[in-house]
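J.: after the sequence you'll find the predicted model.
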Amino acid sequence: MTVSHQTGVARSGDLALHYRRLGHPGGTPLVFVHGLSFFSWDWLEAAQALAGDREAACMDMRGFGDSGRAADYSVPAMAGDIGTLMDHFGWPRAIVVGHSMGGRSSAYFAAKNPSRVAALVLVDYSPDNAPAGSKRVAQSVAAVPDAFATIEEAMAHFKADPKDAKKRARFEAYLAPVPGGLAVKRDPHFRDQFRKTLATGERPKLGVDMWQALAELRSPTLVIRGARSDIFLPETVDRVTTANPRIRVAEVDAGHNVAGDNLAGFLAAVRPFLASLEEKSHEHARS
């Protein structure tokens, strides 16, 4: 399925932040933030389904997709890009939806900019990643070569069926021509970081306390856990809800890639949350 959208660039100093924009002005706009092995394209179907009466933007984080590469990939810097995108559109407030690494950036942005986040949806993100899932991600990212000879070779590497037209379109957007073939649109910095972790056992330090960030959240927050996720374990749920009473949790029959594995389940979790926000807004307007 092709999702009609516009593309553009927001500037953060010398850094170009690429985005895909769709929907129509109306309700509070949505900003979608992808995870480590994803990019803006991966949010398009969900954005289209949720943006019927509002605008939505799916952003490529710095170092990913068609956005520029940077020297600074700290949590504050990546979170700040969400505000840059909103400023570009003239959006004082938005509902922010972040998956995995994008959930971390979204939670930090919401914690530090409470007036700008009308609500927050964190998709299979908690500050504690399970060891097995962390190892799987590290090995997967570390194994990506500098270039693939063909799109078929790339799809085979990622175990995607080259005859699947939808997946092929995704990889056509996810790969860029480089000397030697086609490369994933992600700064090799991330791959090399995981290679170092696997070689030495040393994990990069975040430099921020994400549990404290969750505790600071003032926006209504929905955390969606993939019931089959190897990243976000069931025993972590209690700690998440204890961190902040504003957080509610929903589970969807999916792995870590919740919206990709089960879009209908993802939408079934998000739509009532968005509807409850509208109800509260109307109640506030009447009072």
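T.: Now that the structure is in, tell me what you want to look at.
J.: make it CA atoms for all contacts and neighbour counts henceforth
T.: Fine.
J.: show me the helices in this protein, by range?
T.: Secondary structure of the chain by DSSP state H: the helices cover 44-50, 75-89, 101-112, 131-142, 151-157, 165-174, 188-200, 210-216, 237-243, 258-261, 263-286.
J.: report the distance from stretch 19-33 to the chain centre.
T.: 14 Å (C-alpha atoms, centre = their mean, to the nearest Å).
J.: let's have the chain start at 2 instead
T.: With 2 as the first residue, the last one maps to stretch 20-34.
J.: picking up where we left off before, same list, the helices of the chain, but as TSV with mean neighbour count, distance to R70 and mean pLDDT please.
T.: Shown next, in TSV, are those (neighbours: other C-alpha atoms under 10 Å; distance: least, C-alpha to C-alpha, whole Å; pLDDT from 0 to 100):
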stretch	mean neighbour count	distance to R70	mean pLDDT
helix 45-51	19	22	97
helix 76-90	18	12	98
helix 102-113	26	16	98
helix 132-143	16	17	95
helix 152-158	16	22	97
helix 166-175	16	15	95
helix 189-201	16	9	94
helix 211-217	18	24	98
helix 238-244	15	32	97
helix 259-262	19	26	97
helix 264-287	14	30	82
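J.: is E217 in contact with A112, as I believe?
T.: Yes. With contact defined as C-alpha atoms under 8 Å, E217 reaches A112; the gap is 5.4 Å.
J.: spell out which residues sit in contact with the closest residue to G81 other than its chain neighbours, please.
T.: With C-alpha to C-alpha, 6 or more residues apart in numbering as the criterion, G81 has its nearest non-adjacent residue at 6.6 Å, and that residue is F110. F110 makes contact with 77, 80-81, 83-84, according to C-alpha atoms under 8 Å, 6 or more residues apart in numbering.
J.: for D231, the count of nearby residues, please.
T.: 20 (other C-alpha atoms under 10 Å).
J.: now do the contacts for it.
T.: Going by C-alpha under 8 Å, 6+ apart, D231 touches 131, 133-134, 256-257.
J.: one more: L268?
T.: 47, 50-51, 260.
J.: likewise for S75?
T.: S75 touches 207-208, counting by C-alpha under 8 Å, 6+ apart.
J.: give me the phi and psi angles of it.
T.: phi -70, psi 160 (degrees, to the nearest 10).
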